[in-house]
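Trainee: Quick one: sequence and predicted model below, then my questions.
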Amino acid sequence: MSAKKRDAELPLTPAVLHILLALAGGERHGYALMQEVPALSEGRVKLGPGTLYRSLQELLALGWIEESAADPVDPRRRTYRLGRRGRAVLQAEMGRLAALVETARARQILGAEGAR
Amino acid sequence: MSARNLADALVLGLHRRFLALAPREFRARFGVELLDCAERALDDAHGERGALASFLGGLRSAADVATNALALRCETQNMKTTLLVLPLALLVSFFTAYIDANQSEVQPAVGLLMLGGALFAYFDSRRAWLWWLVLGSSIPCARVWMDLHGQGGDQGPFMATFLAFLPAGFGTLLGSALRVLRGRKPSGGAPA
């Protein structure tokens, strides 16, 4: 994926950003993502099942995530993993956010410790 | 059946009903997983937050399924144009009925019906029938409303109001024809 094409996808929606970030920690099934996203965002982002699976459908179609084999114990639970393209987009988005944080620090909106 | 089971059955039933609004491909691919997630979230919420909070959380979750299912449906059928044009068409329809009721001449209302029909059909030609219905029914509906409120007066036979469908139909045909003549794919609908 070219840098230009990748940057055209930014900024990501909060749902997509948190899903990709959760999958950066390894394969997850849908319910694990629903639980992990609020934990990652300190409860600020909560995914309902409709938002979650609509986002997963989009991410699969974009090729940013991939589907792993069905769980042998419970075939209803499919797991998803971050793809190469998804990782590149996530890195670009985190770089963009980091640059914003630097700007905020330079303008004294954030302290050295960051603000909550 | 206990109150908890009843509440859970209600909430999960809502999830199923709302999921049915989503396109078939989405349901086939994600439906079972989605319902499984909703059920597990409900079970966990009972343990962590109590019956009332879990019921309310379940309702929020069902609403989330409904809004996303409808959004997916709109995306699949490319209904964005239609949803944008519909309020305008209703506005023109009300305005036409108002003009018709307050003017002795019919030409302004006929002109509005033709112009509105042509414009809306040009921008969303796949649903030209809808614009024809919305505009054409404006004058008969206004007449019914006025009769119900005792404001009908002597305005001629009711059936004559259905003549509004003629200029509306002419306009929508004209708009659709212009769209075809421009050599562009008909807009605003699912691919054929």
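Mentor: In hand now; what should we look at? Residues are numbered from 1 along each chain as shown, chains lettered A, B, ... in the order given.
Trainee: for chain A, what spans make up the strands?
Mentor: A:28-29, A:65-70, A:78-82 (DSSP state E).
Trainee: Extract the CA atoms of the second one and return them as PDB.
Mentor: This file holds the C-alpha atoms of strand A:65-70, laid out as PDB (Å, rounded to 0.1, in the frame of the first residue of the first chain):
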ATOM      1  CA  ILE A  65      -7.700  -7.700   9.000                       C
ATOM      2  CA  GLU A  66      -7.900 -11.400   8.200                       C
ATOM      3  CA  GLU A  67     -10.100 -14.100   9.500                       C
ATOM      4  CA  SER A  68      -8.500 -17.100  11.200                       C
ATOM      5  CA  ALA A  69      -9.800 -20.600  11.200                       C
ATOM      6  CA  ALA A  70     -12.900 -21.300  13.200                       C
END
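Trainee: which secondary structure elements does it contact?
Mentor: Counting contacts by 3 or more C-beta pairs under 8 Å, 6 or more residues apart in numbering or on different chains; DSSP states H and E, strand A:65-70 packs against helix A:14-23, helix A:49-62, strand A:78-82. Where you see a C-beta, it was placed from the backbone N, CA and C, and this is true even at glycine.
Trainee: what does the first one give?
Mentor: For strand A:28-29, the helices and strands in contact under the criterion 3+ C-beta pairs under 8 Å, 6+ apart are strand A:78-82.
Trainee: Any buried residues in the strand it packs on, and which?
Mentor: By neighbour count on 16 or more other C-beta atoms under 10 Å in any protein chain shown, the buried set for strand A:78-82 is A:78-80, A:82.
Trainee: who touches the residue most central in space within chain A in this structure?
Mentor: Closest residue to the average C-alpha location of chain A: A:L20 at 2.4 Å, with C-alpha atoms, centre = their mean. By C-beta atoms under 8 Å, 6 or more residues apart in numbering or on different chains, the contact set of A:L20 is A:12, A:59, A:64-65, A:82, A:86, A:89-90, A:93.
Trainee: possible to save these as JSON lines with distance to A:A106?
Mentor: Below are the contacts of A:L20 laid out as JSON lines (distance: C-beta to C-beta, whole Å):
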{"residue": "A:L12", "distance to A:A106": "24"}
{"residue": "A:L59", "distance to A:A106": "34"}
{"residue": "A:W64", "distance to A:A106": "32"}
{"residue": "A:I65", "distance to A:A106": "35"}
{"residue": "A:L82", "distance to A:A106": "32"}
{"residue": "A:G86", "distance to A:A106": "30"}
{"residue": "A:V89", "distance to A:A106": "26"}
{"residue": "A:L90", "distance to A:A106": "25"}
{"residue": "A:E93", "distance to A:A106": "21"}
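Trainee: Out of the residues you listed, which is nearest to chain B?
Mentor: A:L59 (12.1 Å; C-beta to the nearest C-beta).
Trainee: Tell me how many other residues crowd that closest one.
Mentor: By the measure other C-beta atoms under 10 Å in any protein chain shown, the count of residues near A:L59 is 23.
Trainee: now the residue lying closest to it once chain neighbours are set aside: how far from A:G86?
Mentor: Closest residue in space to A:L59, ignoring its immediate chain neighbours: A:I65 at 4.4 Å, by C-beta to C-beta, 6 or more residues apart in numbering or on different chains. Distance of A:I65 to A:G86, computed by C-beta to C-beta, to the nearest Å: 5 Å.
Trainee: what sits in contact with each of these two?
Mentor: A:20, A:23, A:59.
Trainee: So, low pLDDT: which residues of chain A?
Mentor: A:1-7, A:71, A:75-76, A:112-116 (pLDDT under 70).
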